[in-house]
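Trainee: what would the 3D arrangement of this be:
(one chain, ligands or ions: 1)
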Amino acid sequence: MSLRKRIVSQFEHPRGLLGRLVGLILSGRGSNLKRNRWTVEQLALQPGEAVLEVGCGPGVALELCLSQRGVRAVGVDHSALMIAQASRRNARAVKEGRVRLIEGTVEAIPAGLGPFDKMFSINVIQFVDRPAFVARAKALVKPGGMLATTYQPRHAKATRADAVKMADELTALLTQAGFADVRTRELELKPVPAVCVLARRG
Ligand SMILES: C[S@@+](CC[C@H](N)C(=O)[O-])C[C@H]1O[C@@H](n2cnc3c(N)ncnc32)[C@H](O)[C@@H]1O
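Mentor: Next up, the predicted model:
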């Protein structure tokens, strides 16, 4: 496998030396920082709210959530390396007990951790079983709470159409599962726009 392919495959489950490089890209690349910031803005977090991020990577979006007054968070990622990086980035909030970081899969998030006011993921949805993800979201988000799923396709020759296709698939799944106010927002980014599908738990 070429070095490029080996690095790309690391984005699904960063580990080892190449995983560290992926952590640096996720926390330093301009497009990644923009889509993290934009997604957190979509959540419009309020003081006292509890938020869950699935596939938190090095914890950039969690740091933004936790910079808001009175917000508590849980971050889940199946990569031990990403959980370690997210813990370092959010060390103060960890110490204060405002964030809990869990090594595990989206499928395995214990229901006892919720319910959450808001739940989100950024560039994780392409790696998971999407109907199962939507079912877990329904179990973990409070009635009236919000789910935000952001996706910016990054594979070779990705186009805006790939982003729109994912948004359409999620819209159908969420609507079928009884989520309300399902809508898609788009962020102009290079090389391909990002989409965020927002939905309210009915
Ligand atoms: C492309 S990275 C995005 C990280 C972060 N959300 C960001 O935008 O900076 C994908 C992350 O999702 C995690 N991941 C992939 N599949 C997962 C699953 N089934 N459960 C939990 N985490 C998962 C990976 O370990 C990786 O940290």
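Trainee: pLDDT score assigned to residue 109?
Mentor: Note on residue 109: pLDDT of 83.
Trainee: who does the closest residue to it other than its chain neighbours bridge with?
Mentor: With CB to CB, 6 or more residues apart in numbering as the criterion, residue 109 has its nearest non-adjacent residue at 5.5 Å, and that residue is residue 76. C-beta here means a position set from N, CA and C on the backbone, and glycine is covered the same way. Counting by DSSP bridges, residue 76 is bridged to residue 54, residue 102.
Trainee: give the burial count for residue 76, as a bare number.
Mentor: Residue 76: 25 surrounding residues under other CB atoms under 10 Å.
Trainee: begin at 4, not 1, for the rest of this chat.
Mentor: Okay, residue one is now 4; in that scheme the one you just asked about reads as residue 79.
Trainee: isn't it right up against residue 57?
Mentor: Yes. With contact defined as CB atoms under 8 Å, residue 79 reaches residue 57; the gap is 5.5 Å.
Trainee: identify the contacts common to these two.
Mentor: Listed as contacting both residue 79 and residue 57 by CB atoms under 8 Å, 6 or more residues apart in numbering are 109, 112.
Trainee: okay, buried residues for the helix or strand where residue 9 lies please.
Mentor: Assigned by DSSP states H and E, residue 9 belongs to helix 6-13. Buried residues in helix 6-13, counted by 16 or more other CB atoms under 10 Å: 10, 13.
Trainee: check contacts around residue 204.
Mentor: 140-141, 144-150, 182-183.
Trainee: show me these that map onto helices.
Mentor: Per DSSP state H, helices hold the following members of these: 140-141.
Trainee: export the contacts of residue 204 as CSV, with columns for pLDDT.
Mentor: Converted to CSV, these look like this (pLDDT from 0 to 100):
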residue, pLDDT
140, 96
141, 95
144, 97
145, 97
146, 97
147, 98
148, 98
149, 98
150, 98
182, 98
183, 98
